[in-house]
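> Sequence and predicted structure are below.
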Amino acid sequence: MALPAASADPALPQALPEQGFLWLAFSRSYFERHLPAIQACLNQLTGQGLVDLHVSDLLNGQLPSRYDFTSHYDLLVFRRLAQQSTAAALHNDADAAHAPSKRPGPPILLRIDTNPVGFVVLDRVLLSVHPDDCAVREAYASRLLNVSPDVSPITDSRSAGARGIPLSPADMMLRIISHMVDAYLVLRRELSRQLDHWQAELIRPSARFRRWDALLQARLALHQLEDLCDDQHTAMLNWNESLDDWVVKDTPAALREHELLKVRCRDVLEHIDRVVNHMRRLEHNTETAVQMHFNAQGNRTNDIMRTLTALTAIFLPLNLIAAVFGMNFEFMPWLHTASAFGWTLGGMGAIALSMGLVFWRKRYLARSGE
């Protein structure tokens, strides 16, 4: 099987290879500029071009992940993570124009921007439309070009994995999508470390957490990732169900190839499920940490009020004694006694000490353990 042809700016082929299939990989800007030539090339290679609505989907940079089909080809749009440098540059440009809209929080939040990648799967042609800065396309094209052309995909033990030679356009599309999903798994780990740090700060009693804006942005980012992965899961699930309607030749090689497509598609679905489940778990843990933080603050406030109440109760009888001896009566007990002042102060001190010991034993004045 021949290696698929791939290039960022390819010379459009005039015929299909004798073996293997063609991979036509275009940037979105190139695809838009040369659309008539690309449509003519597809008509010459496969006998049919792309539907206008599908062309609009491939050119739409805001389209969510989705799946559609015709009797001639399948269309799958899958959103990948934007390059970190590009995402940061876009946010820097936005910040320069609108300074108050700067996104707070760690730089990891800037990587949650996504761009759609469109795939058109035909019998012997895979057409993919990528963003202009798509490193996934370049990385996978380099990997294919570095594979020895003498290695047969049938005898290559790596063909069932991520490195082997693709068996078909659909197989190659799933390999590229699997590479995109792996980037979400890496982002998941980095975001987990940041949220774990914030959770530790929230739960620590002596800490005064001030990053509420960043925490809110992190929660919004988790919601965004969850919705994004739900769209991806729905699109891949619909495409997986469409595999059951494919007409497969009754040969061992064709049946095995079709089974490998199902296995690889289920693997991609499992990876997406892992990302979704982890996002939901992170969101739940963050909400739990926030609730624990406010509960701890409420307990601390209750401790302070309890201490102040106990101190007020201790000084209440002392104020009563001081108020009695402060009355303007001419005849009062101990009023003209030399030792009255000392006995009064001693009695007041004994009362305060006794009540303090009682409150201490009842833990009204005890400090709560951390």
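It's in. On a predicted model such as this, the values are computed, not experimentally measured, just so you know.

> Tell me which stretches of the stretch 251-370 of the chain form helices.
252-325, 340-361 (DSSP state H, counting those that start in this stretch).

> Could I get the buried residue list for the last one?
By neighbour count on 16 or more other CB atoms under 10 Å, the buried set for helix 340-361 is Thr344, Met348, Ile351, Met355, Gly356, Phe359. C-beta coordinates here come from the backbone N, C-alpha and C atoms, glycine included.

> Distance of the closest residue to the third one other than its chain neighbours relative to Ala323?
When the adjacent residues along the chain are set aside, Ile351 lies closest to Pro317, with 5.4 Å between them (CB to CB, 6 or more residues apart in numbering). Relative to Ala323, Pro317 is positioned 10 Å away (criterion: CB to CB, to the nearest Å).

> Quick one: residues contacting Asp182.
Applying CB atoms under 8 Å, 6 or more residues apart in numbering to Asp182 gives the contacts His271.

> Now do the same for it: helix, strand or coil?
helix (DSSP: H, G, I helix; E, B strand; the rest coil).

> Could you do Arg80 as well?
strand.

> Isn't it up against Ile176?
No - counting by CB atoms under 8 Å, Arg80 sits too far from Ile176 to count as a contact (9.1 Å).

> what's the overlap in contacts for those two?
If you check Arg80 and Ile176 against CB under 8 Å, 6+ apart, the residues they both contact are Val117, Val136.

> Below-threshold pLDDT in the stretch 1-150 of the chain: ranges please.
1-11, 82-112, 147-150 (pLDDT under 70).

> mind redoing it with 80?
Across the stretch 1-150 of the chain, the ranges flagged by pLDDT under 80 are 1-11, 81-113, 133-150.

> neighbour-wise, which of Pro317 and Ala323 wins?
Counting neighbours by other CB atoms under 10 Å for Pro317 and for Ala323 shows that Pro317 has the greater number, 15 against 9.

> the strands in the stretch 101-250 of the chain, which residues?
Here the stretch 101-250 of the chain has its strands, by DSSP state E, counting those that start in this stretch, at 114-121, 125-130.

> Rebuild those as a markdown table, extending it with mean neighbour count.
Below are the strands of the stretch 101-250 of the chain laid out as a markdown table (neighbours: other CB atoms under 10 Å):
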| stretch | mean neighbour count |
| --- | --- |
| strand 114-121 | 23 |
| strand 125-130 | 24 |
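
> can those strands go into TSV with extra columns for distance to Leu335?
Shown next, in TSV, are those (distance: least, CB to CB, whole Å):
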stretch	distance to Leu335
strand 114-121	87
strand 125-130	99
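
> Pro36: which of those is closest?
Pro36 lies closest, by CB to CB, to one member of the strands of the stretch 101-250 of the chain: strand 125-130, at 14.8 Å.

> And that closest one, how far out from the chain middle?
27 Å (CA atoms, centre = their mean, to the nearest Å).

> Show me the strands paired with that strand, marking each as parallel or antiparallel.
Strand 125-130 has the following strand partners under DSSP bridges: strand 22-27 (parallel), strand 114-121 (antiparallel).

> so can I have a markdown table of those strands showing distance to Leu243?
Output for the strands paired with strand 125-130, formatted as a markdown table (distance: least, CB to CB, whole Å):
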| stretch | distance to Leu243 |
| --- | --- |
| strand 22-27 | 20 |
| strand 114-121 | 11 |
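
> Tell me which of those sits nearest to Val129.
strand 114-121 (4.3 Å).

> who touches the closest one?
In contact with strand 114-121 (CB under 8 Å, 6+ apart) are residues 50, 54, 57-58, 60-65, 73-82, 126-131, 134, 136, 169-170, 173, 176-177, 180, 228.

> Filter those down to the buried ones and hand me the PyMOL line.
Buried residues among the contacts of strand 114-121 (16+ other CB under 10 Å), as a PyMOL selection:
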select buried, resi 50+54+57+58+64+65+73+74+75+76+77+78+79+80+81+82+126+127+128+129+130+131+134+136+169+170+173+176+177+180+228
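
> can you give me the helices for the stretch 1-150 of the chain?
28-33, 35-46, 52-59, 84-97, 135-146.

> out of those, which comes closest to Trp198?
Comparing those by CB to CB, helix 84-97 comes nearest, at 20.8 Å.

> pLDDT at the residue lying closest to Asp230 once chain neighbours are set aside, what is it?
Once flanking residues are discounted, Asp230 sits nearest to Val276: 6.8 Å by CB to CB, 6+ apart. For Val276, the model assigns a pLDDT of 85.

> Kindly report the same for Asn328.
80.

> ok, so what distance separates it from Val125?
From Asn328 to Val125 the distance is 108 Å (CB to CB).

> thinking again about what came up before, I'd assumed His233 was in contact with the residue nearest to Asp230.
Yes - counting by CB under 8 Å, Val276 touches His233, with 6.9 Å between them.

> quick one, what contacts Phe325?
For Phe325, the contact set (CB under 8 Å, 6+ apart) comprises Met332, Thr344.

> Please look at the residue nearest to Ile351 and Gly349 and confirm they touch.
No - in this structure, Pro317 is not within contact of Gly349 by CB under 8 Å, at 11.6 Å.

> partner residues bridging Leu76?
Tyr67, Phe119.

> my guess is it meets Leu58, correct?
No - using CB under 8 Å, Leu76 is not in contact with Leu58; the gap is 10.7 Å.

> for stretch 293-305, which positions count as buried?
His293, Ala296.

> now stretch 221-228
Ala221, Leu222, Leu225, Glu226, Leu228.
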